[in-house]
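curious how this folds, go ahead:
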Amino acid sequence: MIRNALIAAAATATLATAFAPMASADIIGTPAPCVTASDLTGPDFTVRKCGVSDVDQFRTDLDNNGNAYCGPASLYNVLHYWGHVKGAPVGWGPTKVGWIDPMKASDYDLVTGSIYRIGADAKYNGSTNLTNLRTAWDSATKLARDAGWQTSRGVVSTLDSTDFAGDVARKLNEGPLQLVYGRYKNGPLSDTLQRTGGHIVTVVSATGSFGGNTIKLKLADPGRAGDHGDGDYLNTQSAYEALDVTLTKRHFLQYSPASDDKNTAEDESQEPGTYTWVDRWELTGPRYLSDTTRQMVEGFNWFDMAK
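Numbers count the residues shown, from 1 in each chain. So this is what the prediction gives:
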């Protein structure tokens, strides 16, 4: 069972001698061509991270074939960067992310086991959230801290950021981001929107202006593999992609239905919901088309490491 994959992986501890640190030209991740960029001067910015993986979340042996494992899979992409590009010893026990090549069929189960472990550390219960995924990052980077690395992480929300575009650029300059967007449908009242679900992706590139109202991003999206639904896709890794999207700032009235408190006898879900004016960033792109929902970015996790 994949739940025992990380334990069984102890038998592969000899990988430590089989995999030497990679030269920059051999870094695995991000579809070519990719040239690292870091331009934060002047009113505009261009930031690009190379060496970020684009692993698939839909896998045999994950709960519901990985349907809700976008959070753990996108965090694996972040850890791949730190393990392969920066050489940080991130992972769990004998399993180091820097030794694994997600594009190798022989490493497929190791990647799946790692995604499962991230989900467990993030308290997966049919879904994950940015808060618990930061805890999973702490678990995966403990080995690095024990080896003298310093780590940090945090979150930026669209609700309290005064320059969300600039925050994306500055934090992406430190390392790949984990971005969450909600799927919103029309609310009960005219011109209102209601959240119906969400998705988490990895940001690898950003272009825009400080203080601006639009940003162009490239994403590693674990849920939008090019071979999704084809053949044996649940047991194979798809080709890496960097998907183009545009974020545009929106200010709208969000409806939130009441939820039931299981600790009380009353059913609070029958009470009226609430309406709140919010700032979100609408995500649009050729691979993000929907007739029923709009995708609104709500925030992102950022991560940094240094030795």
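
quick one: contacts of stretch 160-173?
Contact with stretch 160-173 is made by 38, 40, 45, 47, 49, 156, 158, 177, 203, 205-206, 208-215, 217, 247, 249, 279, 281, 300, 302, as judged by Cβ atoms under 8 Å, 6 or more residues apart in numbering. Where you see a C-beta, it was placed from the backbone N, CA and C, and this is true even at glycine.

typo on my end, stretch 139-155
Applying Cβ under 8 Å, 6+ apart, the set of residues contacting stretch 139-155 from outside is 75, 79, 82, 88-92, 96-97, 118, 121, 130-131, 134, 137-138, 299-307.

keep only those of the residues you listed that are in helices.
Using DSSP state H, 75, 79, 82, 118, 121, 130, 131, 134, 137, 138 are the members of the contacts of stretch 139-155 that sit in helices.

mind listing what the third one touches?
Right, residue 82. Contacts were defined as Cβ under 8 Å, 6+ apart; by that measure residue 82 touches 88, 90, 97, 141, 144, 175, 303, 305.

quick check: closest non-adjacent residue to it.
Counting by Cβ to Cβ, 6 or more residues apart in numbering, residue 82 lies nearest to residue 88, which is 4.5 Å off, once chain neighbours are set aside.

and that neighbour, how many residues sit next to it?
25 (other Cβ atoms under 10 Å).

ok, it touching residue 80?
No. Checked against Cβ atoms under 8 Å, the pair residue 88 and residue 80 is beyond contact range at 10.7 Å.

buried subset of the ones in helices among the contacts of stretch 139-155?
Those of the ones in helices among the contacts of stretch 139-155 that meet the buried threshold are 75, 79, 82, 118, 121, 130, 134, 137, by 16 or more other Cβ atoms under 10 Å.

pick out whichever of the residues you listed sits closest to residue 64.
Each of these was scored against residue 64 by Cβ to Cβ, and residue 118 proved nearest at 16.2 Å.

nearest spatial neighbour of the closest one, chain-adjacent residues omitted?
For residue 118, the nearest residue in space outside its immediate sequence neighbours is residue 72; the separation is 3.8 Å by Cβ to Cβ, 6+ apart.

the one you found in helix, strand or coil?
The three-state label given to residue 72 by DSSP: H, G, I helix; E, B strand; the rest coil is helix.

now do residue 175
For residue 175, the secondary structure call by three-state DSSP comes out as coil.

let me know the pLDDT of it.
Looking at residue 175, its pLDDT reads 98.

from what I can see it touches residue 81, true?
Yes. With contact defined as Cβ under 8 Å, residue 175 counts as touching residue 81 (6.2 Å).

what's the overlap in contacts for these two?
Residues within reach of residue 175 and of residue 81 at once, by Cβ under 8 Å, 6+ apart, are residue 49.

the two - which one has more neighbours?
With other Cβ under 10 Å as the criterion, residue 175 and residue 81 differ in neighbour count, and residue 81 comes out ahead with 27 against 18.

how far away is that one from residue 211?
With distances taken as Cβ to Cβ, to the nearest Å, residue 81 is found 28 Å from residue 211.

likewise residue 151?
Distance of residue 151 to residue 211, given as Cβ to Cβ: 30 Å.

between those two, which one's more packed in?
Applying other Cβ under 10 Å to residue 151 and residue 211 shows that residue 151 carries more neighbours, namely 19 against 11.

CA atoms only: put the helix or strand in which the more buried one is found into PDB for me.
Assigned by DSSP states H and E, residue 151 belongs to strand 150-157. This file holds the C-alpha atoms of strand 150-157, laid out as PDB (Å, rounded to 0.1, in the frame of the first residue of the first chain):
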ATOM      1  CA  GLN A 150      17.300  28.400   8.200                       C
ATOM      2  CA  THR A 151      13.700  28.200   6.900                       C
ATOM      3  CA  SER A 152      10.800  30.600   6.900                       C
ATOM      4  CA  ARG A 153       7.300  30.600   5.500                       C
ATOM      5  CA  GLY A 154       4.200  32.700   5.600                       C
ATOM      6  CA  VAL A 155       1.000  33.700   3.800                       C
ATOM      7  CA  VAL A 156      -0.300  36.700   1.900                       C
ATOM      8  CA  SER A 157      -4.000  37.200   1.600                       C
END
